[in-house]
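S.K.: Compute the structure for the input listed below.
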Amino acid sequence: MQRQRIPTLLSAFLTLLNDRLSESIVFPLLPFLLAQFSPNGQTLGFLTGIYALAQFLVTPLIGTLSDHYGRRPVVVVCVGGSLVGFGLFALTLSLPWPKTSLLPLVLLFSARVIDGISGGTVATVSAVLADISPPDRRARIIGLIGVAFGLGFILGPLLGGQLALIAVPLPLWVATGFALINLVAVITLLPETHPVKDRQNLPRYCDLNPFIRIGKILAKPKVGRLCGAFFLFFLAFNGFTAILVLYFKECLGWGPDLATTAFLVVGVVATVVQGGLIGPLVKRFGEWRLTLIGLNLVIVGCLLIPALGSAERAPVIFCSVGILAVGTALVTPSLRSLVSRQLGSEGQGTAFGSLQSLQSLGSFLGPPIAGISYDVLGPISPFLVAVLVLIVSLALVTQNSPPKSLLLNS
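M.R.: Model prediction:
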């Protein structure tokens, strides 16, 4: 196992980096990529949301398959599927199409579904890292996930913005090439880390149904409100961020370089907060207070962008986006931790699996709602809708304050 450790860590790191890099490259460029087909908010919202829907429906199954058949074949199939999906997406956007043809949109949605179905790499690679890590070093090894995610969120917008100045589809081909390197790496380097003696039987369908899992966790009186707040937060946040670049493009006249710079700010700020500051902040303020602070910061950022931003005031936009990033980096880990503390030692696995399902469901519903709002009610409306939803989320967290003893110990 020791001799397998370095190639296992390398292939795991490349897989995690590929997962984040591909998304952070394409996401800030979507309105520019779709301009020749259907530049409206609804198409952008549904194209963004369909990826999350595919992940929501399939991720529980992928984790179970890795427990039954082993980690390596599942990772190989997932990375291969991601390569196919992203390659189809890049090819579709690079070919000339008649303006009246619906085929490119069908191919684009199909590519996002394929990529979403194949998006179970994070959970499986996390299991790989847990397999090879002794209990006393597991936290340090699992920290590799955060490093890969942070690097992906920073490199994606940076590469995407620079490459798009040469040709808008070029970043997609670079991401496709990286996915190919990732596939070669897992085929040649990744060993099987889940012994046959530890394999598990496939569960019943009802045990994999994400809606049943969500219903069970929402029914728990201690955590139901917190889980509802978690869902609403991701619905609001993923909704207006899906439309954010379209707002930059149409209302501020920004090009791909400025739009990707805004997301580069998000990557840097979120990495700093979650990578180095969140631990000391939790010790100082506690998860409950940090969640409230984070939600308020996200609300402030949502209001500042349309209220103060203009085409000539890019620094103001970047500061507002930075406030959003700080708020999000505080809310996500703090709210997860609140759920964990409320449950105690029981139901942790189910709870975190359900939280992931709620996050995916919110990430699916939010972008189409924001896109329809953008087209029907106007470009500012997604920000206002997000603020209203975030206020409800804030109220749910406020009602679920922890005992005074925990607040005093924070």
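
S.K.: Near residue 156, how many other residues are there?
M.R.: 27 (other CB atoms under 10 Å). Placement of C-beta: from N, CA and C, glycine included.

S.K.: sorry, that was for residue 155
M.R.: Residue 155 has 18 neighbouring residues, counting by other CB under 10 Å.

S.K.: Can you tell me how far it is from residue 62?
M.R.: 25 Å (CB to CB, to the nearest Å).

S.K.: and if you look at residue 278?
M.R.: Remark: distance between residue 278 and residue 62 (CB to CB) = 28 Å.

S.K.: Then residue 315?
M.R.: Per CB to CB, residue 315 is found 42 Å from residue 62.

S.K.: Name the residue in those two with the higher neighbour count.
M.R.: residue 62 (21 against 9).

S.K.: isn't the more buried one right up against residue 74?
M.R.: Yes. With contact defined as CB atoms under 8 Å, residue 62 counts as touching residue 74 (6.2 Å).

S.K.: Helices along the stretch 151-300 of the chain, start to end?
M.R.: Counting by DSSP state H, counting those that start in this stretch, the stretch 151-300 of the chain has helices at residues 170-189, 205-208, 210-218, 224-251, 256-272, 278-285, 287-308.

S.K.: before we move on, what about the stretch 301-410 of the chain?
M.R.: Using DSSP H, counting those that start in this stretch, helices in the stretch 301-410 of the chain cover 314-343, 348-377, 381-399, 404-409.

S.K.: so which of those gets nearest residue 7?
M.R.: Between residue 7 and the helices of the stretch 301-410 of the chain, the shortest gap by CB to CB is with helix 348-377, which sits at 28.1 Å.

S.K.: between that closest one and helix 224-251, how big is the angle?
M.R.: With axes from the mean of the first three to the mean of the last three CA atoms, to 10 degrees as the basis, helix 348-377 and helix 224-251 are set at 40 degrees to each other.

S.K.: pLDDT below threshold where in the chain?
M.R.: 1-4, 120, 133-144, 202-208, 213, 221-222, 309-311, 340, 342-354, 401-410 (pLDDT under 70).

S.K.: domain ranges for it?
M.R.: The chain breaks down by automatic domain parsing into domains covering 1-192, 209-410.

S.K.: Let me have those in a markdown table, extended by distance to residue 198.
M.R.: Shown next, in a markdown table, are the domains of the chain (distance: least, CB to CB, whole Å):
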| stretch | distance to residue 198 |
| --- | --- |
| domain 1-192 | 8 |
| domain 209-410 | 16 |
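
S.K.: Among those domains, single out whichever gets nearest to residue 199.
M.R.: Using CB to CB, the domains of the chain put domain 1-192 closest to residue 199, at 5.9 Å.

S.K.: for the helices of the stretch 151-300 of the chain, which one ends up most surrounded?
M.R.: When the helices of the stretch 151-300 of the chain are scored by mean count of other CB atoms under 10 Å, the highest mean neighbour count falls to helix 224-251 (a mean of 24).

S.K.: Let me know the angle separating it from helix 381-399.
M.R.: Using the same axes, to 10 degrees, the inter-axis angle of helix 224-251 relative to helix 381-399 is 160 degrees.

S.K.: which helices and strands does helix 224-251 pack with?
M.R.: Here helix 224-251 touches helix 30-33, helix 41-69, helix 210-218, helix 256-272, helix 287-308, helix 314-343, helix 348-377, helix 381-399, going by 3 or more CB pairs under 8 Å, 6 or more residues apart in numbering; DSSP states H and E.

S.K.: Summarise which helices and strands the fourth one is packed against.
M.R.: Yep, that's helix 256-272 we're talking about. Helix 256-272 makes packing contacts with helix 30-33, helix 138-164, helix 224-251, helix 314-343 when contacts are defined by 3+ CB pairs under 8 Å, 6+ apart.

S.K.: do you know how far the closest residue in space to residue 260 that isn't next to it in sequence is from residue 128?
M.R.: Distances taken as CB to CB, 6 or more residues apart in numbering place residue 161 nearest to residue 260, at 3.2 Å, with adjacent residues excluded. Distance of residue 161 to residue 128, given as CB to CB: 32 Å.

S.K.: Neighbour count: those two, which is higher?
M.R.: The neighbour comparison of residue 161 against residue 128 (other CB under 10 Å) goes to residue 128, with 27 against 23.

S.K.: ok, that one - contacts?
M.R.: Counting by CB atoms under 8 Å, 6 or more residues apart in numbering, residue 128 makes contact with 8, 12, 71, 75, 190, 193.

S.K.: Which single one of the residues you listed is nearest to residue 57?
M.R.: Among the contacts of residue 128, residue 75 lies closest to residue 57 (CB to CB), at 19.5 Å.
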